[in-house]
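**Student:** Sequence unavailable; structure follows:
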């Protein structure tokens with residue numbers, strides 16, 4: 001029923017059961033969004049479907065509860081939103097899927113539901129609203145259909161902007177009608193049907209359709225550029241991720257109520273196709289959102305076992321080889337692809353994706369894509385080290401190094417035997433990464449591997465082994481000191497010697513002070529020039545240790561008759577003070 005505009009909201013005066021002000025808006029939002037969800041479901045299900053009946057019953061319960069508290073519920077309609085007492089209770093800026101925009105487009109400014117609302121009125125109102133998008137504007141409109149239903153407890157206010165400014169003139173007879181008639185060009189997809197139905201010969205440029213008295217030129221049968229443009233715009237709207245995701249969100253809310261396998265069996269493969277399409281377009285974020293929606297649905301405790309199994313299957317398929325290859329092609333072919341979106345998608349995958357991600361890691365050249373795959377694998381693969389271990393046998397050194405890096409990030413001792421094998425790799429970069437990983441993980445087995453690396457053929461690896469051993473704490477002091485007490489050690493290059501001293505300083509144990517004291521005093525194992533360098537290393541290590549015992553050694557040196565030693569120890573004490 002069309003009426004004058006009401007005051008905003010609903011009347012609660014004199015009602016002892018009225019809402020508290022802070023609750024009223026919450027309940028209004030809940031009812032409004034359930035109404036939107038039910039209308040969306042109406043476009044998918046028949047009225048007799050159990051799912052639809054459940055939604056309708058819930059909606060009626062919400063209306064009855066609300067209208068017990070207030071005399072009426074009033075929605076004020078904006079272009080993309082519905083308001084209640086100047087507060088927004090529903091918003092959707094995607095014109096194709098927005099219920100508010102559908103009302104606004106049809107000229108509805110306000111809708112009011114009154115106490116006494118009947119179930120048939122709600123059902124009929126939803127029926128009209130759900131069918132609004134399929135109406136032929138030359139034959140029907142939403143306002144007319146609402147008027148025909150003659151609702152007793154649903155009222156609405158319409159705007160006037162949709163009316164023509166001047167009245168339409170109707171032809172008084174057939175001749176006047178024919179003079180005013182301008183035939184609409186026939187779309188190209190109908191040309192074949194017309195030719196077949198009316199026996200038209202496409203070879204003639206000008207033919208008469210039997211029985212209608214109208215002549216149709218072949219030029220009129222061509223699709224015009226503006227028609228093509230309009231068609232493309234409509235298709236673009238249909239495939240917009242926002243539209244797809246809104247539709248999927250609605251379906252995800254409704255599908256737990258589905259008790260027939262047929263509906264659910266169709267829904268899940270549909271999601272699969274949408275995910276694959278989004279990945280192919282490089283829209284990793286939207287694909288991630290759909291997977292998240294599936295996880296939420298899976299954890300909702302509203303599903304039967306067969307429904308859960310279908311959703312799990314879809315989630316697992318998200319990490320299959322074909323999907324990872326699609327992402328890899330996008331990452332390889334576009335340097336501006338959404339790296340962060342791909343990372344978010346990878347984090348949602350299951351263990352079946354791990355081998356495929358490892359293969360992709362070996363086939364990518366960019367450092368950023370490789371890094372996000374490493375970070376993703378360190379999370380997805382944290383409980384599945386055995387699935388990554390085979391890739392340590394790969395011939396590509398950079399892939400082996402990255403797998404070692406991932407195992408180090410995971411930080412589990414079960415990875416140590418696998419990383420230990422990498423210490424035998426021919427490429428020094430792999431061995432260096434293995435030492436870093438072992439240092440991060442720690443433990444007795446890791447320490448044994450690092451001690452063996454103190455004898456590596458590469459000077460940098462030996463120094464790196466010493467520094468990573470220092471992470472083990474005082475337990476690592478013994479193997480380091482054993483080598484530093486040897487005369488042969490001080491014949492090594494200064495770079496390696498410094499690494500060992502630094503490692504001793506990192507451990508910060510007083511157990512190393514006797515050795516450091518003897519080196520500060522100046523052992524005669526090496527020449528004067530080398531002695532000065534070794535002494536400087538020992539003093540720097542005492543500063544690192546920083547204990548009272550270390551200070552006492554420096555104080556002894558500060559009183560030495562050797563000027564260079566005296567000055568070095570005094571500077572060290574100042575630094576420690």
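**Tutor:** That came through fine. On a predicted model such as this, the values are computed, not experimentally measured, just so you know.
**Student:** Would you mark the buried spots in stretch 492-511?
**Tutor:** Of all the residues in stretch 492-511, those buried under the rule 16 or more other C-beta atoms under 10 Å are 492, 496-509. C-beta: built from backbone N, CA, C; applies to glycine.
**Student:** Name the nearest of the residues you listed relative to residue 482.
**Tutor:** residue 500 (11.0 Å; C-beta to C-beta).
**Student:** Double-check that the closest one belongs to a helix.
**Tutor:** Yes. Judged by DSSP: H, G, I helix; E, B strand; the rest coil, residue 500 forms part of a helix.
**Student:** Contacts only, for it.
**Tutor:** By C-beta atoms under 8 Å, 6 or more residues apart in numbering, the contact set of residue 500 is 463, 466, 480, 483, 484, 489.
**Student:** how much space between residue 42 and residue 60?
**Tutor:** In this view, residue 42 and residue 60 are 14 Å apart by C-beta to C-beta, to the nearest Å.
**Student:** ok so, going back, out of the contacts of residue 500, who's the most crowded?
**Tutor:** Most neighbours among those, by other C-beta atoms under 10 Å: residue 466, with 29 neighbours.
**Student:** Show the model's pLDDT score for that one.
**Tutor:** Confidence at residue 466, expressed as pLDDT, is 95.
**Student:** surely it meets residue 479?
**Tutor:** No. The criterion here is C-beta atoms under 8 Å, and residue 466 misses it with residue 479 at 9.0 Å.
**Student:** Overlap in contacts, the two.
**Tutor:** Counting by C-beta under 8 Å, 6+ apart, the residues touching both residue 466 and residue 479 are residue 454.
**Student:** What pLDDT is listed against residue 383?
**Tutor:** Reading off the model, residue 383 has pLDDT 94.
**Student:** What values do phi and psi take at it?
**Tutor:** Main-chain torsions, residue 383, degrees, to the nearest 10: phi -110, psi 10.
**Student:** Look at the residue nearest to the spatial centre of the chain and give its secondary structure.
**Tutor:** The centroid of the chain falls nearest to residue 288 when counting by C-alpha atoms, centre = their mean (3.9 Å). Using three-state DSSP, the structure places residue 288 in helix.
**Student:** how much space between it and residue 295?
**Tutor:** The gap separating residue 288 from residue 295 is 11 Å, by C-beta to C-beta.
**Student:** quick one: common contacting residues for the two?
**Tutor:** residue 348.
**Student:** starting at the chain centroid, how far to the lengthiest helix in the chain?
**Tutor:** Longest helix in the chain, counting residues (DSSP state H): helix 21-42. Centre-to-centre, helix 21-42 and its host chain are 27 Å apart (C-alpha atoms, centre = their mean, to the nearest Å).
**Student:** just stretch 466-485 next, same as before
**Tutor:** Relative to the centre of its chain, stretch 466-485 is centred 45 Å away, using C-alpha atoms, centre = their mean.
**Student:** give me the element residue 345 is part of.
**Tutor:** According to DSSP states H and E, residue 345 maps onto helix 339-347.
**Student:** and that helix, what other elements does it pack with?
**Tutor:** Contacts defined by 3 or more C-beta pairs under 8 Å, 6 or more residues apart in numbering; DSSP states H and E place helix 339-347 against helix 284-298, helix 321-333, helix 367-380.
**Student:** and with 10 Å instead?
**Tutor:** helix 261-280, helix 284-298, helix 321-333, helix 367-380 (3 or more C-beta pairs under 10 Å, 6 or more residues apart in numbering; DSSP states H and E).
**Student:** If we go by neighbour counts, what in it is buried?
**Tutor:** Neighbour-count burial for helix 339-347 flags 339, 341, 342, 343, 344, 345, 346 (criterion: 16+ other C-beta under 10 Å).
**Student:** which one in those residues is the model shakiest on?
**Tutor:** Minimum pLDDT across those falls on residue 339, with 87.
**Student:** you'd agree that one is up against residue 376?
**Tutor:** No. At 11.1 Å, residue 339 and residue 376 do not qualify as touching, with contact defined as C-beta atoms under 10 Å.
**Student:** elements contacting the helix or strand that contains residue 386?
**Tutor:** Using DSSP H and E, residue 386 falls within helix 385-388. Applying 3+ C-beta pairs under 10 Å, 6+ apart, one finds that helix 385-388 contacts helix 354-363, helix 367-380, helix 397-410, helix 416-422.
**Student:** what separates residue 501 from residue 466, distance-wise?
**Tutor:** The value you get for residue 501 to residue 466, if C-beta to C-beta is used, is 9 Å.
**Student:** any residues in contact with both of the two?
**Tutor:** Residues touching both residue 501 and residue 466 (C-beta atoms under 10 Å, 6 or more residues apart in numbering) are 480, 484.
**Student:** Can you give me the neighbour number for residue 120?
**Tutor:** 10.
**Student:** Mind checking what secondary structure it has?
**Tutor:** Recorded secondary structure, residue 120: helix (three-state DSSP).
**Student:** now the helices and strands packed on helix 339-347 as CSV including distance to residue 118 and mean pLDDT?
**Tutor:** Formatted as CSV, the helices and strands packed on helix 339-347 follow (distance: least, C-beta to C-beta, whole Å; pLDDT from 0 to 100):
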stretch, distance to residue 118, mean pLDDT
helix 261-280, 29, 80
helix 284-298, 34, 87
helix 321-333, 50, 91
helix 367-380, 54, 92
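**Student:** export the ones you listed to JSON lines and tack on distance to residue 520?
**Tutor:** Listed next are those as JSON lines, based on distance: least, C-beta to C-beta, whole Å:
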{"stretch": "helix 261-280", "distance to residue 520": "65"}
{"stretch": "helix 284-298", "distance to residue 520": "60"}
{"stretch": "helix 321-333", "distance to residue 520": "56"}
{"stretch": "helix 367-380", "distance to residue 520": "44"}
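**Student:** closest to residue 157 out of those helices?
**Tutor:** helix 284-298 (36.7 Å).
**Student:** any idea how far the helix or strand that that closest one is followed by is from the chain center?
**Tutor:** Sequence order places helix 305-317 as the next helix or strand after helix 284-298, per DSSP H and E. A distance of 19 Å separates the centroid of the chain from that of helix 305-317, by C-alpha atoms, centre = their mean.
**Student:** ok, and what's touching helix 305-317?
**Tutor:** By C-beta under 10 Å, 6+ apart, helix 305-317 touches 252, 255-256, 258-259, 261, 264-265, 267-272, 275-276, 290-291, 293-295, 297-304, 323, 348-353.
**Student:** same question for that helix, mean pLDDT?
**Tutor:** Per-residue scores along helix 305-317 average to 88.
**Student:** Same check on stretch 403-415?
**Tutor:** Here the average pLDDT along stretch 403-415 is 95.
**Student:** so how far is that stretch off the chain centroid?
**Tutor:** For stretch 403-415, the distance to the chain centre is 25 Å (C-alpha atoms, centre = their mean).
**Student:** Check stretch 452-467 too.
**Tutor:** Counting by C-alpha atoms, centre = their mean, stretch 452-467 comes out at 42 Å from the chain centroid.
**Student:** what's the span of that stretch from first residue to last?
**Tutor:** In stretch 452-467, first residue to last residue: 14 Å (C-alpha to C-alpha, to the nearest Å).
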